[in-house]
Every structure is written in C-alpha cells, then in structure tokens.
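K.L.:
What follows is a predicted structure for the sequence shown.
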Amino acid sequence: MQLVFATNNENKIKEIKSALGNEFEILSLKDINCLEELPETQETLAGNALQKAKYVSENYGVNCFADDTGLIIEALNGEPGVYSARYAGEDRSATKNMEKVLDKLQKSKNRSAYFETSIALIINKEEFLFSGVAKGEITKELSGKDGFGYDPIFKPNGYNKTFAELSIEEKNTISHRGKAFKKMCAFLLNKS
C-alpha cells in the first residue's frame, strides 16, 4: 500500500520507514510535489495532525497520514506542548528550542516530561486517529548526536541515555512516535 506521510522532515521519514519495514511504500510531500507549508493552527496535537492530513488528502487526492508531536514539561505547566517546533521562534531551530527549555528549567528540581504524538490517517476519505506517549525527564545538558528535535535532552524512563544516544531501532520501540505508528500499522494490516 502506498501512503503519503505529510512531512518533508527526512528524520521522520527515516524513522517511519524503519518502523514500518516493507509493508508500505511511504512517500513524502516532496514526492507528490507538495511544496507549500502545511497549516498548523489548531490548539491540540490531534487537531494539527488532522488539519495537515485533510489538507494533503483534499488537495492532492491521496491516502495519507500526518503527525504532530509535543514535548510536555511538568514544571513549565505543559510547555512547549503544541508549540514545540516553534518554541524559541518561527525559524524552528532545535538548538534554540533546547536552549530555551534548559534555561527555563535551570532552577527546577522537577524535570519530569513526556512526548506525545498524534497521528491522523485518512484512507479513502475516512479519518482515524492514533496516539503514543513516552515518559521521561529533561536532562541538564545535551547528550548524543542521533535523533532530532529535543532528543538530546530527553531521557526516557528506564534508560540512562537520551533519545539521541539510542539507535533508531531502540528509539522506535519506546518512543511516542514509534508507539503511535505501531498502532497505525496494526490497524492498516488488520484493515487490508
């Protein structure tokens, strides 16, 4: 089955292809010549995921899925949440976002946080939602070179490494996105 992943983020594409194996052919927005910025104006992760998936499905006539992920930090009253990608500004700099988090948490003993991913899947105009959560804590400094986004400062529960220090296979088994994608894959395999 061919599915468009409504993203041009090469890291996300690589992660999902690794998680899905050869069951599905995954295309990016670039593969379907969708070069415009997708709308993300909703107040929830699920709302943003659905908004992006609907945009691609309606404008390009393809079966697709879109995700939105947020980092929710307890001591920051849920920030950055739905604004995770643009937390330190519209340029979406992962480095600046992490610096802002570390700066705001400088005096905090509570480092509890979790990632949440919502995935909206549209097949033949039917809409489905899936979600996944990874609990952990924010480290005091960056550690690791792999991954993307906030991975170098997020240490999942039960591990002494950050997401950026785990292999992509290890991360996919415990990550928020990996869990949500597994739910979506099980649904797709069951449906076909």
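P.N.:
Arrived safely. Numbering: from 1, shown residues only.
K.L.:
The lowest-mean-pLDDT helix or strand in the chain: what's the following helix or strand?
P.N.:
The weakest-scoring helix or strand in the chain, judged by mean pLDDT, DSSP states H and E, is helix 10-20 (a mean of 77). For helix 10-20, the succeeding helix or strand toward the C-terminus, using DSSP states H and E, is strand 25-27.
K.L.:
partner strands of that next one, parallel or antiparallel?
P.N.:
Applying DSSP bridges, strand 25-27 is found paired with strand 2-5 (parallel).
K.L.:
Give the closest residue to the residue positioned nearest the centre of the chain in space, chain neighbours not counted.
P.N.:
Closest to where the C-alpha atoms of the chain average out (Cα atoms, centre = their mean) is T69, at 4.0 Å. What sits nearest to T69 in space, not counting adjacent residues and going by Cβ to Cβ, 6 or more residues apart in numbering, is T117, at 4.5 Å. The way it works is simple: take the backbone N, C-alpha and C, and place the C-beta from them, glycine included.
K.L.:
and the one you found, which of the three is it?
P.N.:
The local conformation at T117, judged by DSSP: H, G, I helix; E, B strand; the rest coil, is strand.
K.L.:
Would you agree the residue nearest to the centre of the chain falls within a helix?
P.N.:
No - using three-state DSSP, the secondary structure at T69 is strand, not a helix.
K.L.:
Burial check on A180, number of neighbours?
P.N.:
Using other Cβ atoms under 10 Å, A180 has 24 other residues around it.
K.L.:
Please tell me I have it right and it contacts I119.
P.N.:
Yes - A180 is in contact with I119 according to Cβ atoms under 8 Å; the separation is 4.8 Å.
K.L.:
which residues do those two both contact?
P.N.:
D67, F130, S131 (Cβ atoms under 8 Å, 6 or more residues apart in numbering).
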